[in-house]
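**Q** Here is the input, now give the coordinates:
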Amino acid sequence: MHLGFILHELKRKGIHISSVLIVLIYAFGGKELTLNILLIILIIFILFENFRLKYRIKVPFFGELLRDFEKKSLAGHLYFLLGAIISISLFSFEIAIASILMASFGDATAAIFGMLFGKNKISNTAKSYEGTFAGLFMNVLIAFFIFGYHYVVLFMAITASLTELWFTELDDNLAIPVLSGFVAHTVIYIM
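**A** Prediction:
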């Protein structure tokens, strides 16, 4: 794997760390404040993305982090914001923060570990078994840290990892928090 590509992906995935800010605002400011802040940011990003796409503007630093397909379509940060807003709106505090952190850190771990150590590619994808299992491990750690020894941990972590692996046409930044949160919510409700 080309070193420049790996460094580019590390910068892209480094932005995922900003999800910790969402969790901190939610933990200390509450649901309403967090949703209001995220909605304001979402509106700004929607306007900005429209402007960027309509006038084909290259944004310093952040424009360099866009993948090729994002240069002509909506970028992943917009989908991530939507996923975070949906999760916080619909699910309990614990489920919402776990699903947001899985979308950030589980996805980033899978991508980085897969790029560095992925030797065994999963058929018809650019993803590797090594990256997928590293992402699953991170998702289990996140869920375990939030829920403790609880049956929902594996359900949620596996859902997040399978979503990251399977969703190729819809941005996984939206799909991971919504689907892993839904599964956790359903499992807790049923059991």
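
**Q** which other helices and strands contact the helix or strand Leu21 falls within?
**A** Element membership for Leu21, per DSSP states H and E: helix 19-29. Secondary-structure packing of helix 19-29 (3 or more C-beta pairs under 8 Å, 6 or more residues apart in numbering; DSSP states H and E): helix 31-55, helix 76-90, helix 93-101. C-betas here are computed from N, CA, C, even on glycine.

**Q** List the buried residues of that helix.
**A** Ser19, Ile22, Val23, Ile25, Tyr26 (16 or more other C-beta atoms under 10 Å).

**Q** tell me the mean pLDDT for it?
**A** Confidence for helix 19-29, expressed as mean pLDDT, is 95.

**Q** now it, how far from the centre of its chain.
**A** Centroid separation for helix 19-29 versus its chain: 15 Å, with C-alpha atoms, centre = their mean, to the nearest Å.

**Q** Next up, phi/psi of His150, please.
**A** Backbone torsions of His150, given as degrees, to the nearest 10, read phi -140, psi 140.

**Q** so who does it touch?
**A** Ala143 (C-beta atoms under 8 Å, 6 or more residues apart in numbering).

**Q** Please tell me how far Ile46 sits from His150.
**A** The gap separating Ile46 from His150 is 37 Å, by C-beta to C-beta, to the nearest Å.

**Q** now do Ile37
**A** 29 Å.

**Q** Kindly report the same for Leu74.
**A** For Leu74, the distance to His150 - C-beta to C-beta - is 35 Å.

**Q** cool, Ile142 as well?
**A** 13 Å.

**Q** Worst mean pLDDT across the helices and strands of this protein, which element?
**A** helix 62-65 (a mean of 60; mean pLDDT, DSSP states H and E).

**Q** Which pLDDT value goes with the residue nearest the centre of the chain?
**A** Central residue of the chain (C-alpha atoms, centre = their mean): Ala103, 2.5 Å from the mean position. Predicted confidence (pLDDT) at Ala103: the value is 94.

**Q** ok, now the one 4 residues further on?
**A** With respect to pLDDT, Asp107 scores 88.

**Q** three-state assignment of it?
**A** Using DSSP: H, G, I helix; E, B strand; the rest coil, the structure places Asp107 in helix.

**Q** for it, what are its contacts?
**A** Here Asp107 is in contact with Lys13, His16, Gly135, Glu164, Asp172, Asn173, Ile176 (C-beta under 8 Å, 6+ apart).

**Q** For Ser180, see how far away it is.
**A** 11 Å.

**Q** just Ser92 next, same as before
**A** From Ser92 to Ser180 the distance is 13 Å (C-beta to C-beta).

**Q** show me where pLDDT drops low in this protein?
**A** Applying pLDDT under 70 to the chain flags residues 1-5, 8-9, 12, 59-71, 73.
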